[in-house]
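Peer 1: below: sequence and its predicted model.
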Amino acid sequence: MLIQIDKLQQQIERFKKNESSSEDQKLVTLFEHALLAAQEGNYPVAAAIFDSNDQLQSVSTNRYFFPKPLSGAHAETNALDDFENQEKGDVSECSMIVSLEPCLMCTSRIVLSGIRKVGYLLPDPAGGGIDTMKSAPDDFRLLAQRIEFYQIKASQQALEIARALYELGEQIWKKHYSL
Ligand SMILES: [Zn+2]
């Protein structure tokens with residue numbers, strides 16, 4: 001796993017050197033935070049919230065396993081908790097980006113938060129929750145309809161990093177649950 005983390009770090013460094021847009025810079029923020037999560041032994045996902053002027057308001061990682069088990073501490077819930085606890089403003093005017101499609105729990109939390117735009121880099125057919133909102137109970141379904149969920153258009157290089165983060169995360173996750 002350490003070899004994978006080193007390789008990821010190199011991939012992210014290379015991506016940083018090639019970054020050419022403000023969108024790439026946002027992805028660098030996600031990747032660097034996801035890498036930190038992996039180094040801590042947590043699932044390497046990061047989420048960031050930007051205001052309507054594209055200023056970073058909150059960025060967080062998964063803190064599910066370390067320093068202590070916190071089953072609700074996914075990147076998206078942590079980013080929203082930070083945003084709300086610090087009273088950063090009107091979340092409905094903000095957008096969120098995540099390195100991986102939000103899970104069922106996080107999709108529900110996103111829906112309840114009132115944020116209106118959520119982009120994710122990599123779809124997660126095994127654990128993603130966005131599609132489930134189509135058949136969620138009415139209150140959730142109605143709120144979810146107001147949110148623009150979209151897959152971020154990214155370079156091949158960025159997608160390879162997202163996939164490497166996902167593969168590492170799955171290893172950490174399966175080891176934790178002895179699957
Ligand atoms: Zn989640």
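Peer 2: Sure, I can see it.
Peer 1: drop to CA atoms for contacts and neighbour counts, all remaining ones
Peer 2: OK.
Peer 1: tell me the residues of this structure that contact the ion?
Peer 2: Contact residues (CA under 5 Å from the ion) of the chain with the ion: His74, Cys103, Cys106.
Peer 1: which one (most neighbours) among the residues you listed?
Peer 2: Scoring those on neighbours with other CA atoms under 10 Å, the highest-scoring entry is His74 at 25 neighbours.
Peer 1: skipping adjacent residues, who's closest to that residue in space?
Peer 2: Asn62 (4.4 Å; CA to CA, 6 or more residues apart in numbering).
Peer 1: residue ranges of the strands in this structure, please?
Peer 2: Taking DSSP state E as the test, the strands found in the chain are 46-50, 56-61, 95-100, 117-122, 148-151.
Peer 1: tell me the mean pLDDT for the first one?
Peer 2: Here strand 46-50 scores 98 as its mean pLDDT.
Peer 1: strand partners (parallel or antiparallel) of that strand?
Peer 2: Based on DSSP bridges, the pairing partners of strand 46-50 within the sheet are strand 56-61 (antiparallel), strand 95-100 (antiparallel).
Peer 1: average pLDDT for the last one?
Peer 2: So that's strand 95-100. Here the average pLDDT along strand 95-100 is 98.
Peer 1: relative to strand 117-122, how tilted is that strand?
Peer 2: Angle, strand 95-100 to strand 117-122, by axes from the mean of the first three to the mean of the last three CA atoms, to 10 degrees: 20 degrees.
Peer 1: quick revisit: tell me which of the strands paired with strand 46-50 is the most buried.
Peer 2: Comparing the strands paired with strand 46-50 by mean neighbour count (mean count of other CA atoms under 10 Å), strand 95-100 comes out on top with a mean of 26.
Peer 1: please put the alpha-carbon coordinates of that one into PDB.
Peer 2: Only the C-alpha atoms of strand 95-100 are listed here, as PDB (Å, rounded to 0.1, in the frame of the first residue of the first chain):
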ATOM      1  CA  SER A  95     -21.000  24.400  -5.200                       C
ATOM      2  CA  MET A  96     -19.200  21.200  -4.100                       C
ATOM      3  CA  ILE A  97     -16.700  19.100  -5.900                       C
ATOM      4  CA  VAL A  98     -15.700  15.600  -4.800                       C
ATOM      5  CA  SER A  99     -13.100  13.200  -6.100                       C
ATOM      6  CA  LEU A 100     -15.500  10.300  -6.100                       C
END
